[in-house]
Structures are given as structure tokens and as C-alpha cells.
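> Take a look and give me a structure for this.
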Amino acid sequence: MTTPIQPRQLLQQMFYSAIEAAQSAHCIPPYLPEVPKGRLVVIGAGKASAAMAQAVEDNWPGQLSGLVVTRYGYGVPCKRIEIVEAAHPVPDAAGLAAAARIRDLIGDLDADDTVLCLISGGGSALLALPLAGITLEDKQAVSRALLKSGASISEMNCVRRHLSAIKGGRLAATCHPAKVVTLLISDVPGDNPCDIASGPTVGDATTCADALAIVRRYGIELPPHVREVLESGAGESIKPNDPLLARTETHMIATPQMALEAAAKVAAAHGYTAHILGDSIEGEAADVGKVMAGMAVQVARHAQPFKAPCILLSGGETTVTVSGSGRGGRNVEFLLSLGVALEGKPGIHALAGDTDGVDGQEEIAGAYLSPHSLQRAWDMGIRPKDSLDNNDGHGFFSALGDSIITGPTLTNVNDFRAILITGETA
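The predicted structure is shown next:
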């Protein structure tokens, strides 16, 4: 017989198990390369890169050196690999300097050397080295505009690649003729290596014209000299068949699907069947919340397509087009939209959070929703629909005391959404 567990406790256990499944200590060792004749140089960027570097040091039998850049607060102690912290999601001078140093570090390698590149989500902002003629201030302005535009992560990174001196395969090209082994922790829908940290070590099939089309689609204002980089083709990235990438190999070591499967095992241990609806769901967070609410109600009312009690799991990366004065955050926006659509229906609980511990630009991973959340808010004088319209999910759940705060998780496999349907009717 399984031990009874409270809905919030169960959902939090599932969330933490998803995070644990993507920890570098588990994922790195099976993918380490052979010891090279020459040097092993470790480079990398992302919210998980420092933890990845530590796992390399703990398991590497020979000499190594290197430098990785991670988000402020995500550094961990390393003895031989230097860890630099910088800003995310909007780049800063520390990220610019670190990216330049990484490029310098790999500028004089030979064919006997191996570069081990550790890449995870967040690397786009952390590897902030723009093309000649583009300033850090330009990059910051474009980043802010992209984040508010409602563009998908794939679209945002397409633009970023074509304004960068280091992304879109350029980092690997600089390593030539050394061998390049890239280990990826995916935080993007579909696990496309080109979209993880904007693909610094993989060929890019998109073009400057594609980037321009995205800019026009979302009405993003670019400084004239930045637009000229795209219009002239000066920002063209390294293509997949380029000879400079001939000695590269790429390994996906942790993905959203792996994290969801780990969470499903926790559910099963407590007697619940978890159904994974998808690991790459995109779209406006509020819209996804409405759709998921409809699915949960169908399960509760009609036992279709699944019979309660059960849990609906999903991952991916939704977007929030910020139009109000709230703080955004795609997981809390999803959750608040879900709650508004459910209207307090009994027996449905949910948790949504970003596995890196940061939802949007807040040091809050996400939140928990119960059937009583809306009534509690009304009792406090908070109108849930107004909070949603104002993109203020963080304010809503913080007021209820239902924010989920993990601190730096040292990994990132995108968003986690779990909806528990107990089958209770009152």
C-alpha cells in the first residue's frame, strides 16, 4: 500500500526529481572524450555550465584547463577550470569579457588538442560577444526587445546568432583544427542543438534573411547599424557543411523528456499514473493554460482521454507577451491562466516551474495552484483575472504564499508542468 501524500507535497517531489535527473554529476561521466595526445581545454556557457565543469574535474583522469561562464549565483568551486559569473537574461560587461577570453583561449590549438565544450540554457546571454560594429548596449537593447516580443526561443536565438561573433558555429570554427566535443543540456523545445545557447559549436542552417523576417514579424526596432549587419549578410553564421566543423561531435546528455520521465516515476511510486503530453509545448503561456484546463476538466468529468486519479505532465517553453505592468514569468502566467479557466473546480491541483529555478527574470521557480487558490485571492481583495491581464502571476502567487523557490538548481531542462486530477468532486 502506498503512503498517502498531500497534493502539493507530491507535485513538489515530482518537480525536484525532474531537476535531480538533469544534474551534471549523473549526466557528464558517460560522455567524456578519450584523453587526447595534446591538451584538453574546457570551455562553456550556461546556467548549468559551472556544475558541468565540476563534474568534468571530478571524473577526468588527466590534465585540463579552461574557462566557463555561468549566471550570477550559479558558480560552484572548481580547481582547474575558471568559473566566471555574468548576467542573464540580459547580457552584461562580465559576459562580454568572459566570451572574449574564451575565444582567445582556443585561438592557438592544434590537431592533437581537444576542446570540451559544456553548453546549457542561458548561454546566449552569457556568451555576449557581438560582431564588429555592434556594442554591448546594442545587444542589451535587442535582448530586452526579444524577451518582451512574444517570439519563441528558436526565433530569439536565430536573431542572436546573426549578431554574434561567437554563436552559430563560430566558436567551433575558432577551435579548428582541434577536435571539439560538445555536451549539451537542452532547455529548448525539440532539443535542436542550434537553439541551445544559440549553437556556438554547431552549424546553423538559418540565415540573416531569416533573422530579419523575425525582427519584422514582431516589430522589433533595431539600431540602423545593427539592421545593416543583417541586411548586408555580414552576420551570416557558419553552415553545417563547413570544413571548419569537420572535427566536431555533439552529445545531448540531459533533456526535458528525461526530466519528465523521472517525475512520472515519482508519481507511480505514490500510486498515480502520469501521462506525458509533450516535452516541447510552445505558445503563449496563458493560451496553453486554457487548453490544459480544458483537458483536465475532460478527465475529471468524462474520464477522457485518461481516468482519474492521474497526472498530466508537460514540458517545453511557452512565451509571455508582456502588456501589463506585472513581472511576467511564463510558468506563473500559465498557472494563473489555468486557475482562472478552472474556476476553482474541486480535485484539480497543479505546479509549474522552470527547472533552472528562475521563472522569467525572477528568482522564483514557479508556483503551486490548488482548487482554493482563487477563493483565497478574492478573500484578500485580489482579482485573479486582473492579475492575469496585468501579467502579474508572480504577485498573485507570492501574495498567497504559494511561490516555489528553489534557489540555483545548477541545471536547466526547461519548464515543468504537472496537473494532478484526484477524481474528487467536492
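
> Alpha carbons of the biggest helix by length in the chain, as CSV, please.
What stands out as the longest helix in the chain, according to DSSP state H, is helix 285-302. The C-alpha coordinates for helix 285-302 follow below in CSV (Å, rounded to 0.1, in the frame of the first residue of the first chain):
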residue,chain,number,x,y,z
ALA,A,285,1.5,30.7,-21.6
ALA,A,286,-2.0,32.0,-21.0
ASP,A,287,-3.3,30.1,-24.0
VAL,A,288,-1.6,26.9,-23.0
GLY,A,289,-3.1,27.3,-19.6
LYS,A,290,-6.6,27.5,-21.1
VAL,A,291,-6.1,24.4,-23.2
MET,A,292,-4.7,22.4,-20.3
ALA,A,293,-7.6,23.4,-18.1
GLY,A,294,-10.0,22.1,-20.8
MET,A,295,-8.1,18.8,-20.8
ALA,A,296,-8.1,18.5,-17.0
VAL,A,297,-11.9,19.1,-16.9
GLN,A,298,-12.5,16.5,-19.6
VAL,A,299,-10.5,14.0,-17.5
ALA,A,300,-12.4,14.9,-14.3
ARG,A,301,-15.9,14.9,-15.9
HIS,A,302,-15.7,12.2,-18.5
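
> That helix: which residues count as buried?
Residues of helix 285-302 classed as buried by neighbour count (16 or more other Cβ atoms under 10 Å): 285, 286, 288, 289, 292, 293, 295, 296, 297, 299, 300. C-beta coordinates here come from the backbone N, C-alpha and C atoms, glycine included.

> Show the subsequent helix or strand relative to it.
Sequence-wise, the next helix or strand downstream of helix 285-302 (DSSP states H and E) is strand 310-316.

> That following strand pairs with which strands, and in what direction?
Strand 310-316 has the following strand partners under DSSP bridges: strand 273-281 (parallel), strand 415-421 (antiparallel).

> List of residues touching that strand?
Contacting residues not belonging to strand 310-316 are listed as 14, 189, 256-257, 259-260, 263-264, 267, 272-282, 292, 295-296, 299, 306, 413-421 [Cβ atoms under 8 Å, 6 or more residues apart in numbering].

> Also compute the angle for the longest helix of the chain relative to strand 415-421, please.
Orientation of helix 285-302 against strand 415-421 (axes from the mean of the first three to the mean of the last three Cα atoms, to 10 degrees) gives an angle of 20 degrees.

> Now do the end-to-end distance for stretch 77-87.
19 Å (Cα to Cα, to the nearest Å).

> buried stuff in it?
Applying a neighbour-count criterion of 16+ other Cβ under 10 Å, one finds 78, 81, 83, 84, 85, 86, 87 buried in stretch 77-87.

> Out of those residues, which sit inside helices?
Per DSSP H, these never map to helices.

> give me every residue that touches the nearest residue to residue 71 once chain neighbours are set aside.
Of all residues not flanking residue 71 in the chain, residue 88 sits nearest, at 4.4 Å (Cβ to Cβ, 6 or more residues apart in numbering). Contacts for residue 88 (Cβ under 8 Å, 6+ apart) come out as 47, 71, 72, 122, 125, 126.

> Over to residue 85?
Residue 85 neighbours (Cβ under 8 Å, 6+ apart): 69, 70, 71, 72, 73, 74, 75, 94.

> do you know how far it is from residue 65?
For residue 85, the distance to residue 65 (Cβ to Cβ, to the nearest Å) stands at 19 Å.

> now swap in residue 159 and tell me
Distance from residue 159 to residue 65, counting by Cβ to Cβ: 33 Å.

> Residue 105 and residue 67 touch, don't they?
Yes - with contacts counted by Cβ atoms under 8 Å, residue 105 reaches residue 67, the gap being 5.9 Å.
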